[in-house]
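S.K.: dropping the sequence and predicted coords here.
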Amino acid sequence: MIAVLAFFVRVFSVIRYESVIHEFDPWFNFRTTRFLTEKGVYEFWNWYDSESWHPLGRVIGGTIFPGIMFTSSMIKWALDFLAFPLDIRNVCVFLAPVFAGFTSLSTYYLTKECTNRIESGLLAALFIAIVPSYISRSVAGSYDNEGVAIWALVNTFYLWIKAVNTGSILWSVLCTLQYFYMVAAWGGYSFIINLIPIFVLGTMFINKFNMRIYVAYSVFYTLGSLMAMLITFVNFAVIKSSEHLASHCVFFIMNAFVIIEYVKKNLQAEQFKALTRLAMSVSIAIFIFAFIFLTLSGATRFSGRSMTLLDPTYAKKYVPIIASVSEHQPTSWSSYFFDLGYLIIFLPIGFYYCLVHKVTLGKLFLGMYGVLATYFSCVMIRLMLVLAPIACIIAAIAISEILRKASKSVRVYLTQGFEDSPASMMGEIDAPKKKSVEQASSSVETSSKKGKKEAAAQKQEVRKQKSKSRIPFDAAIVILLFIIGTLQGYIYHSTQLASEAYSSPSIILSGRKNDGTRYIIDDYREAYYWIKQNTPKDAKIMSWWDYGYQITGMSNRTVLVDNNTWNNTHIATVGRAMASNEEEAYKIARSLDANYVLVIFGGMSHYSGDDISKFLWMVRIAAGVFPQVKEKNFYNRGHYRVDNMMSPTMSESLMYRLAYYRFGEIRTRGDKPSGFDTVRECEIGLKKYDLKYFREAYTSDRWIVRIFEVLPLPNRSTKIYTRFQKSSPPALKGFSSQKVMAAL
């Protein structure tokens, strides 16, 4: 039932809108999945995509995590084999909700394995099924890597704890296979390959290491590293990347630890001390040499995103393109309450039960997972998604423990009385105290021989022990009512967010009229369809990288940059064009062979996520490569403005000229002058101007998408090929365009 709930709470977007792919990255995943199902695996691995990153292109097979594509394609092929035809788009749309149900099951088994309590597992499964942070990446239509990767993450941890508890090679191999799927699905696999070694190292420090952990990690490390190298995009990064360094170090440390323990048992104390000093000296020397060599040679290094996790200011200083992404920003306190709801209240109690009260290896692992995930989620809001599963588990452990204690107090009071219940004496006392209670009860049975006075004293002592270990009845009732109310509020909060906040596809916007009725804003899809129908098939579109995947996925047109962001210089060149004056921008656009320029403008429709809002990041990224671009030139007295106080550089920039072209003629509000920007809440400073090198080709109904044609050079025509055909000798007529251009 919980798995079914997890599915249905994620289909609001399909009910309210239609079966459509959301956001930006999912459009690339959908396009590649469709190619895989139509062309096959061999063509997919060798696919050179000429519609991306013109004129560089992109080799798809070696630059992606193919897990989600192969998952959808195998489901499609299986359904076709069973004579149950289903369009690949619908498979992709509903994939994430289906895997959300699987995640609920894996969360239940992980929690039950760590705590040995069914009620904790059920609560954890319920929480993960409706936690807003996870819903945000797994609604119907959100065809992104995280949709399947979170299930792989939780299931890998479940199989790991199973392997640790049993010491079985079979469970270790299953854990490794699940880890391999995680590597194929999402770059977040680096969290697994660091958390598990930290756990192994931690058990050594607190003297809980055993041979079951040794067997589990040995199999996981060796087989997992080899299998991870099978993914083309990862390949030798398993050896060279600093993200994997912890796994290598811990493997050698673990084996050294086992050898030392063996030697310690077979040598005398003095000999062992001498050998230990020698081994420590050699180990330190080797480590220092290896660290210096690898650092200076550049053989291993952290990626930009990994450095951002270790130093939150790194991206803003050195890699502005990473800092420009909204999901890479630090997390605010409001985001924790928004994405986790009331669960955050119970996290401290849950940490206590994991790290202090009756600690087991499973609880220790959950505690380490929670601490690391909490830190990383503070640094980057995207990693709230990694925190969500462990937050649900830890909160479930805390609530189940509280409910167990409170409900027992109420049950004992209502059934046998609060003071004289033998069951309460035995049931409410912790395991270490049970033995003393039994002894006290035995003393009571033999007290007839010693006298009634001594028996009464013994019975009074038992009552004192019992009362100390049990919650008072009044407090238990208050606690139960509080938890019931909190859970009710959490369920309402999660369902409301699933319905309203996270079920609106970015390509289909909506609003409400004064009477409360909903209206649809479909400017994105209309604009992309216009591009597909009204531009040449070989047209090149210049836009900011955010929209690259959607343009190629929906319009089948070539883009200069897209969401892969692998080439910072190319993106900076586009940013420089947007920040330059019209003449300079025209030269850059011509040098990039761009035919059209697409900008997003929200000043007329209250759409705050437009290119004017993102423009400063374009400037910063361009300034990182081209020193002639100065961010300070776009400020006036330290403020970024578009009104009559804006800087001359801003008013001359191509971004301003294209976004606000003819906007000065439009009245957006009855009580405001023409040219009033509803997002910036100001009247634009420059209203009347003409474009010399660009021509307006299309503006959507609500002005959100604006497309401009790059005009041909003076005294040049875009129809050179047509004139050449008319004047060419008969021997050349009838040639294909490629042959004619070759002849030229």
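M.R.: Thanks, I have it.

S.K.: quick one, strands of this protein?
M.R.: According to DSSP state E, the chain carries its strands in the segments 48-49, 58-59, 509-512, 518-521, 540-542, 558-559, 596-600, 676-677, 682-683, 694-699, 705-710.

S.K.: and the last one, what's its mean pLDDT?
M.R.: Strand 705-710 shows a mean pLDDT of 96.

S.K.: and the angle for that strand with strand 596-600?
M.R.: Interaxial angle, strand 705-710 versus strand 596-600 (axes from the mean of the first three to the mean of the last three CA atoms, to 10 degrees): 160 degrees.

S.K.: what residues sit buried inside strand 705-710?
M.R.: 705-710 (16 or more other CB atoms under 10 Å). Where you see a C-beta, it was placed from the backbone N, CA and C, and this is true even at glycine.

S.K.: rebuild the strands of the chain as a markdown table, extending it with distance to Ile192.
M.R.: Shown next, in a markdown table, are the strands of the chain (distance: least, CB to CB, whole Å):
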| stretch | distance to Ile192 |
| --- | --- |
| strand 48-49 | 30 |
| strand 58-59 | 27 |
| strand 509-512 | 37 |
| strand 518-521 | 40 |
| strand 540-542 | 38 |
| strand 558-559 | 34 |
| strand 596-600 | 37 |
| strand 676-677 | 46 |
| strand 682-683 | 49 |
| strand 694-699 | 46 |
| strand 705-710 | 40 |
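
S.K.: ok, which of these comes nearest Phe191?
M.R.: strand 58-59 (26.6 Å; CB to CB).

S.K.: which of the strands of the chain has the lowest average pLDDT?
M.R.: Minimum mean pLDDT among the strands of the chain: strand 509-512, a mean of 81.

S.K.: residues touching Gln488, list them.
M.R.: The contact partners of Gln488, taken as CB atoms under 8 Å, 6 or more residues apart in numbering, number zero.

S.K.: against Leu711, how distant is Asn255?
M.R.: Distance of Asn255 to Leu711, given as CB to CB, to the nearest Å: 68 Å.

S.K.: how many other residues sit next to Asp671?
M.R.: Residues lying near Asp671 (other CB atoms under 10 Å) number 6.

S.K.: name the surrounding residues that touch stretch 279-289.
M.R.: 256, 260.

S.K.: can I get that stretch in CSV, CA atoms only?
M.R.: Only the C-alpha atoms of stretch 279-289 are listed here, as CSV (Å, rounded to 0.1, in the frame of the first residue of the first chain):
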residue,chain,number,x,y,z
ALA,A,279,55.7,0.0,10.0
MET,A,280,54.4,3.5,11.0
SER,A,281,57.6,5.2,9.8
VAL,A,282,57.5,3.5,6.5
SER,A,283,53.8,4.1,6.0
ILE,A,284,54.0,7.8,6.8
ALA,A,285,57.0,8.2,4.4
ILE,A,286,55.1,6.3,1.6
PHE,A,287,51.9,8.3,2.2
ILE,A,288,53.8,11.7,2.1
PHE,A,289,55.7,10.8,-1.0
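
S.K.: mind listing what Lys614 touches?
M.R.: So Lys614 contacts 324, 544, 546 (CB under 8 Å, 6+ apart).

S.K.: please pick the buried ones from the residues you listed.
M.R.: 324, 544, 546.

S.K.: so for the closest residue to Tyr352 other than its chain neighbours, what's the pLDDT?
M.R.: Leaving out its chain neighbours, the residue that sits closest to Tyr352 by CB to CB, 6 or more residues apart in numbering is Ala398, at 7.8 Å. pLDDT for Ala398: 94.

S.K.: quick check: Ala398 touching Ile344?
M.R.: No - contact between Ala398 and Ile344 fails when scored by CB atoms under 8 Å: they sit 11.2 Å apart.

S.K.: between the two, which has more neighbouring residues?
M.R.: Higher neighbour count among Ala398 and Ile344: Ala398, with 24 against 14, using other CB under 10 Å.

S.K.: ok, back up a step: and the buried ones among the contacts of Lys614 as a markdown table, adding distance to Leu126 and pLDDT?
M.R.: Below are the buried ones among the contacts of Lys614 laid out as a markdown table (distance: CB to CB, whole Å; pLDDT from 0 to 100):
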| residue | distance to Leu126 | pLDDT |
| --- | --- | --- |
| Ser324 | 37 | 70 |
| Trp544 | 41 | 95 |
| Asp546 | 36 | 92 |
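
S.K.: which one of these is nearest Ile521?
M.R.: Among these, and counting by CB to CB, the member closest to Ile521 is Asp546, at 17.7 Å.

S.K.: Thr565 is in contact with the closest one, correct?
M.R.: No - the criterion here is CB under 8 Å, and Asp546 misses it with Thr565 at 9.9 Å.

S.K.: so which bits of stretch 342-356 are buried?
M.R.: 342-343, 345-347, 349-351, 353-354.

S.K.: my bad, should have said stretch 611-630
M.R.: Quick answer for stretch 611-630 (16+ other CB under 10 Å): 611-624, 626, 629.

S.K.: before we move on, what about stretch 220-234?
M.R.: Quick answer for stretch 220-234 (16+ other CB under 10 Å): 220-221, 223-225, 227-228, 231, 234.

S.K.: reformat those as CSV; add distance to Ser494 and pLDDT.
M.R.: Shown next, in CSV, are the buried residues of stretch 220-234 (distance: CB to CB, whole Å; pLDDT from 0 to 100):
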residue, distance to Ser494, pLDDT
Phe220, 34, 96
Tyr221, 38, 95
Leu223, 38, 95
Gly224, 34, 95
Ser225, 38, 94
Met227, 36, 95
Ala228, 35, 94
Ile231, 34, 92
Val234, 35, 90
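
S.K.: tell me the pLDDT of the nearest residue to Trp45 once chain neighbours are set aside.
M.R.: Once flanking residues are discounted, Trp45 sits nearest to Gly61: 3.8 Å by CB to CB, 6+ apart. Predicted confidence (pLDDT) for Gly61: 86.

S.K.: pull the contacting residues for Gly61.
M.R.: Counted by CB under 8 Å, 6+ apart, Gly61 has contacts 44-47, 232.

S.K.: skipping its backbone neighbours, what lies nearest Ile612 in space?
M.R.: Ala659 is the one closest to Ile612 (CB to CB, 6+ apart), at 5.6 Å.

S.K.: repeat that for Thr276.
M.R.: Thr276's closest residue in space is Ile260 (CB to CB, 6+ apart), at 7.2 Å.

S.K.: equivalent analysis for Gly548, please.
M.R.: Asp562 (2.5 Å).
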